[in-house]
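Chemist: I'll drop the sequence and a predicted model, then ask my questions.
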Amino acid sequence: MSAARVLLACLAVLVLAPAAGAKPAKIARPAKLHAFLLRADEPRDTSFTRTPAFAWNPVPGARKYQFQLATSTSFRESAIVYSAKNLTTPVAAPTLTLPWVSDMMHARVRAITSSSVTPWSTIYDFDMDPPAAPTPLSSYPGLLRWTPVEGADAYEVWFVDIPKMETVFTNVLDEREFYTFHRTSDWTGTVRWRIRAMRYDRTPSGRQNGLPAVGYGPWSPVYSSTNPSYTGGPIQLVGTISDVVSPLGSPSAHRLMPGFAFTGDQALDGTSAELFRVYVYSDRTCLNRVFTSAVIGGPAYAPRPFGTLALPTQDVSGARGAYLSDLAVGTQTQLPPSLTMDGDAVVPNEALDPATPTTAVPDDSDTDPGGDAGTPSSAPSQLSVGSDVVGAPVDLWDTESSGGYWWTVVPVEALSPGALSSSLALPAGVGATTIQLADATGFAQGDVISIGDPLNLETTQISAVSGSTITLATSLTHAHGIGEAVVRSGANLIYRDLDLPQDACASGRVARVAKNSEASLAAAGELFASGLSKTGKLIAATAKSSFYGNPLVAWTPALGATAYEVQWSKKGSPFTPEPDPQNGGAHGTMTLGTAAVLPLTPGTWYYRVRGFNYSLPTNAQQMSWSNPAKIVVAKPQFKVVGGK
């Protein structure tokens, strides 16, 4: 054989060819196309609740593959949902949200060689079936709880007798509508509800033909929750509950944000209350507050990301005969004033502005030891997340599995301030929206005030107070001079704590709560990895196997995660992430799915995965990393094609 012929063979792309001397065979179409969730060798299935990955037997001589998903076996352009044209190994990891479909989702693939294109593979048919609706789990009075659904982004609960819908990211929901300003069993004894799992349509533009994909599964049957009669007495903490039950004295770490349960209604001085607030602290003395609940009617609280109850601002009598509606997230300025016992303003986490979702690989200290943790990412944004997906930051940061935060409950009163008067310290002209008072002590946002003497008297409402400056909700229609009266005949209700948390905790009304986010699994005995072996076969990873080309790795969904990040390193410890050439050199890649094809060069590698919890504050949404998993990519092996 000539040297030139050997050189040409070595310069060719990797070709898994017949041995020397054999006759060239006709290139066959790809075979055994199928879908899977974790490994290409898992038992074959044709029904999936989340977008699967795909694999097929490799074709000798293939440079790349073209893969398509469609709603018709004709694969007309109008039916094609997804198409990928430059797959270099016999695996595909679509990240789009596929619609629920029965008997009409089809996949096919073909190989592209240096000189031709193979026929399309046999069509693989599969269904996208919604997961079963959650079912009830045991809980505490005043608190609904249900089975978490794998891969669910959220849950929508329907209070069928109000009717009212609530969306949460955890697996508990308090019954505040039934208890707030209601104490009798007629209101609280039985709560009927339905529930469905939610998934967010993360990639509507990723479906090539624009086919709609709803974001919900089926409604459950009507469930019925029964509660005992409310009992008074000193407030006593009972425990926290979510995916685990954590009673007092036996704390367990929660993977999802828990609900908080308690009994009783009395302040430390014996005063009975009908409203309550939960506080969470980082210290046992209850000084460094990290979470503030909404005001609720008890005996349980669970955070809601999309707004608090619209508490009455003037009179509670109307609320005693009705279910309260909600205020939207980010509407803290519409809440009636809320104060601690010593007068500090209180804003519940539920009323805070939505967090900004992480859509690019973050520059955190775990990725770059020399960088600044918590700084905005310099990597390109990879994900598109709608503004309606992210609510207020109502989750807790990770702690140790044992111990963790400290929480307590304080009673709250709806206080109606009496009359109050002051006078103008400076003149105020027509059209003015602020006035200066001689003494603004006691005036508060929402107060209705009268300004002036009988000849120029006018009424308006206070929208803000800063020192002696009062901002008005409407412009003045008359001019007013120094010394003219400013009178509040009545005022908005103020929701004031009846105990100092410091005193409540010192009295023993305090307990631990731990939060430790779930890590995805990248392996369970064997790696969740699939791809092309160095001998040209489709394989799923074993302890001794290696891959040629880019392998596909998968992982289990993590409770509370909406998005995921994958990193790879040449060392297992310390794990030092390598830049991704396909992502602007960022140290990893982000995806909304649960599989990714890694751009690895030959060698020994380690990879890890973590989720992102969008219920945490901006720049702090990272969850636990999976354990690093070892994966080997082999060097190309060449064979001389033909000749003697």
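Modeler: Arrived safely.
Chemist: okay, stretch 616-631 in CSV with CA atoms only?
Modeler: What follows is stretch 616-631, C-alpha atoms only, in CSV (Å, rounded to 0.1, in the frame of the first residue of the first chain):
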residue,chain,number,x,y,z
LEU,A,616,-34.4,32.3,46.7
PRO,A,617,-33.1,35.9,46.4
THR,A,618,-31.3,37.2,43.3
ASN,A,619,-27.7,35.9,43.0
ALA,A,620,-28.2,33.3,45.7
GLN,A,621,-30.3,30.6,43.9
GLN,A,622,-27.7,27.9,43.7
MET,A,623,-28.6,24.5,45.2
SER,A,624,-26.4,21.6,46.3
TRP,A,625,-23.9,20.1,43.8
SER,A,626,-24.1,16.5,42.9
ASN,A,627,-21.1,14.4,43.8
PRO,A,628,-18.5,14.7,41.0
ALA,A,629,-18.8,11.7,38.6
LYS,A,630,-15.8,10.4,36.6
ILE,A,631,-16.1,9.9,32.9
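Chemist: for that stretch, which positions count as buried?
Modeler: With burial defined by 16 or more other C-beta atoms under 10 Å, the residues of stretch 616-631 counted as buried are 616, 618-626, 628-629, 631. In short, each C-beta sits where N, CA and C put it, glycine included.
Chemist: Sort out for me which of the residues you listed are in helices.
Modeler: Secondary structure from DSSP state H places none of the buried residues of stretch 616-631 in helices.
Chemist: which two in those are spaced the farthest apart?
Modeler: Of all pairs drawn from these, the greatest distance, 33.0 Å, lies between 618 and 631 (C-beta to C-beta).
Chemist: ok so, going back, export the buried residues of stretch 616-631 to a markdown table and tack on distance to residue 395 and pLDDT?
Modeler: Shown next, in a markdown table, are the buried residues of stretch 616-631 (distance: C-beta to C-beta, whole Å; pLDDT from 0 to 100):
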| residue | distance to residue 395 | pLDDT |
| --- | --- | --- |
| 616 | 5 | 95 |
| 618 | 13 | 91 |
| 619 | 14 | 91 |
| 620 | 10 | 93 |
| 621 | 9 | 94 |
| 622 | 12 | 95 |
| 623 | 10 | 95 |
| 624 | 14 | 93 |
| 625 | 18 | 95 |
| 626 | 20 | 95 |
| 628 | 26 | 95 |
| 629 | 27 | 95 |
| 631 | 32 | 96 |
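Chemist: And those, which is closest to residue 534?
Modeler: Closest to residue 534, out of all of these and judged by C-beta to C-beta, is residue 631, at 13.2 Å.
Chemist: For the closest residue to residue 442 other than its chain neighbours, give the beta-bridge partners.
Modeler: What sits nearest to residue 442 in space, not counting adjacent residues and going by C-beta to C-beta, 6 or more residues apart in numbering, is residue 420, at 4.9 Å. On the basis of DSSP bridges, residue 420 takes part in beta bridges with residue 488.
Chemist: Which positions in the helix or strand residue 291 falls within come out as buried?
Modeler: Using DSSP states H and E, residue 291 falls within strand 289-292. Under the neighbour-count criterion of 16+ other C-beta under 10 Å, strand 289-292 has 291-292 buried.
Chemist: Contacts for the helix or strand following that strand, please.
Modeler: Sequence order places strand 300-301 as the next helix or strand after strand 289-292, per DSSP H and E. With contacts defined as C-beta atoms under 8 Å, 6 or more residues apart in numbering, strand 300-301 is touched by 140-143, 174-176, 259-262, 276, 278, 293-294.
Chemist: same for the next helix or strand after strand 300-301, what does it pack against?
Modeler: As assigned by DSSP H and E, the chain's next helix or strand after strand 300-301 is strand 338-339. Judged by 3 or more C-beta pairs under 8 Å, 6 or more residues apart in numbering; DSSP states H and E, the packing partners of strand 338-339 are strand 494-497.
Chemist: Okay, buried residues for the strand it packs on please.
Modeler: For strand 494-497, burial by neighbour count (16+ other C-beta under 10 Å) applies to 494-497.
Chemist: Where do the strands of the stretch 301-450 of the chain begin and end?
Modeler: With strands called from DSSP state E, counting those that start in this stretch, the stretch 301-450 of the chain shows them at 338-339, 405-415, 420-423, 434-436, 448-451.
Chemist: An error on my part: the question was meant for the stretch 101-250 of the chain.
Modeler: Listed in chain order, the strands of the stretch 101-250 of the chain (DSSP E, counting those that start in this stretch) span 101-113, 124-128, 143-145, 154-159, 164-168, 172-174, 190-198, 223-226, 236-241, 245-247.
Chemist: List the neighbouring strands of the third one plus their orientation.
Modeler: Sheet pairing here is set by DSSP bridges, and for strand 143-145 it gives strand 172-174 (antiparallel).
Chemist: number of nearby residues for the nearest residue to residue 572 once chain neighbours are set aside?
Modeler: Once flanking residues are discounted, residue 572 sits nearest to residue 606: 4.5 Å by C-beta to C-beta, 6+ apart. By other C-beta atoms under 10 Å, 19 other residues sit near residue 606.
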